[in-house]
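S.K.: What would the 3D arrangement of this be:
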Amino acid sequence: MQSGKRILILGAGFGGLAAANLLRGNLEPEHRITVIDKKKSFMMGLVNLWVLHGDRILEDSATPLDGLTSKGIEFLNDEIVEIDARSRSVLTKGRGKLESDYMIIALGAELDPERVPGFVGKGFNLYDSQQIPALRSRLLSARRGEKVAVAIMGIPYKCPPAPYEASMLISDLLLQNGKRDGIEIDIYAPTPVPIPVAGPQANKDMVDMLQKQGINFHPLHKVKSVQDDMLVFEDGRSASYDILAGVPAHKVPDVVSRSGIAPEGGWVPADPFTLKTAYERVFAIGDIAGLQPSGYAMAVPKAGIFAEGQGKAVALQIIHEIKLQMGNRSSSKQSQQNAEGLARFDGKGYCFFEVGNNMASYIEVDFYNKAGPAVVLHPPSASSYRKKREFENDRVREWLAANK
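M.R.: Next comes the predicted model:
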């Protein structure tokens, strides 16, 4: 009798949690599923803006990852110090070497705030949850005549709409507290449009929404350095600020760079449909993966909804392969082809984009559309705002709530 398989999932973000749960729900208990993460809890990045706006407090926003154990998924709170993709093994600080039959690399992207000199200590990191309460406090103490700058420090970065959403929620926060008049809000991007993959119409709609709230969008402004009260751009221009909220540059996690899985300065190469890497039975999903279909000028954006879809596609491939190995063969060629078709990432996703006043826009994306990425930005509505709240609740419940 064949023994069970060992599946290692490196990282407990959107992709890792989606894959782990789908695997566990479709494989027999003899197959061991292990998730490794140096964090003890899971919190969606979108929560940062709720804390900033005052809709949530940080202490109530994280869900312990040990909830995985009640689902029959092993969770190891440990740090990975080395990855050997050829042998599908890792070396961890606390438990030494761990081997596997299948490996899913879902370690995400790390923040690199030091890449822009002066940013650390002078600006607030929008993607660091620990800095958000202090940013909120500083905004609430803003005085008439001050300038708030939201600056994108490098590309690619996680959740492309987030900086623009942040600027609108900052505007709404100041408005609710009677401080919006006389305070200038500027957003600086290194790109010619807010979200290059979105297409002309969606970008025009985005700029229009910013302008309606009195937010100034400055394209083609790549930050070179941050001074005490000044942003210096690579083309020699500069802009003053009083409060700086920045999206830092992102990078491949150091352990991935050390392990030689990704090219220098790049992301882990993977097939854009199957997420397979150059290593047998090793997959890369989510922000860590560099997915660029043939003929496309841009890589798949880094966003949780894409990571979730990729995690599910990989899980289905592994489930299908293990069931075939264990003798549970499909009854027909057609059903086997159907299973293989479902196990491909289709490039589709969506997100909700808050604009303030309990309203949100809805963005639909078909990145693998044959004519090029298809993006639709729906007008703000109260319904989309409610669905964004449900988005978080549904996934936390599905991925981490105890089975009853």
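
S.K.: Check the gap between the spatially closest residue to Tyr127 that is not a sequence neighbour and Asn125 for me.
M.R.: Closest residue in space to Tyr127, ignoring its immediate chain neighbours: Leu111 at 5.7 Å, by CB to CB, 6 or more residues apart in numbering. From N, CA and C alone the C-beta is placed, and that goes for glycine too. Separation of Leu111 from Asn125 (CB to CB, to the nearest Å) stands at 7 Å.

S.K.: joint contacts of these two?
M.R.: Pro248 (CB atoms under 8 Å, 6 or more residues apart in numbering).

S.K.: What's the local residue count around the residue nearest to Tyr127?
M.R.: 19 (other CB atoms under 10 Å).

S.K.: If we ignore the residues flanking it in sequence, what's nearest Gly118?
M.R.: Val226 (3.6 Å).

S.K.: what's near enough to touch the one you found?
M.R.: Counting by CB under 8 Å, 6+ apart, the residues that Val226 touches are 116-119, 122-123, 232, 244, 246.

S.K.: now those residues: which count as buried?
M.R.: Buried members of the contacts of Val226, counted by 16 or more other CB atoms under 10 Å: 116, 118-119, 122-123, 232, 244, 246.

S.K.: a markdown table for these, including distance to Tyr164?
M.R.: Below are the buried ones among the contacts of Val226 laid out as a markdown table (distance: CB to CB, whole Å):
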| residue | distance to Tyr164 |
| --- | --- |
| Val116 | 19 |
| Gly118 | 24 |
| Phe119 | 19 |
| Lys122 | 22 |
| Gly123 | 17 |
| Val232 | 23 |
| Leu244 | 16 |
| Gly246 | 14 |
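
S.K.: Just the ones in helices from the residues you listed, please.
M.R.: Among these, DSSP state H puts none in helices.

S.K.: Tell me the helix or strand right after the lowest-mean-pLDDT helix or strand in the chain.
M.R.: Least confident helix or strand of the chain, by mean pLDDT, DSSP states H and E, is helix 333-342 with a mean of 51. Using DSSP states H and E, the helix or strand that follows helix 333-342 in sequence is strand 348-356.

S.K.: Check which residues of the helix or strand following that following strand are buried.
M.R.: On the C-terminal side of strand 348-356, the nearest following helix or strand under DSSP H and E is strand 359-366. Buried residues in strand 359-366, counted by 16+ other CB under 10 Å: 359-363, 365-366.

S.K.: Work out the sheet partners of strand 359-366 and label each with its direction, please.
M.R.: Using DSSP bridges, strand 359-366 pairs in its sheet with strand 348-356 (antiparallel), strand 374-381 (antiparallel).

S.K.: Would you state the strands of the stretch 151-300 of the chain in chain order?
M.R.: Ranges of strands in the stretch 151-300 of the chain, per DSSP state E, counting those that start in this stretch, are 184-188, 215-218, 223-226, 230-233, 238-240, 243-247, 249-251, 268-269, 282-284, 289-290.
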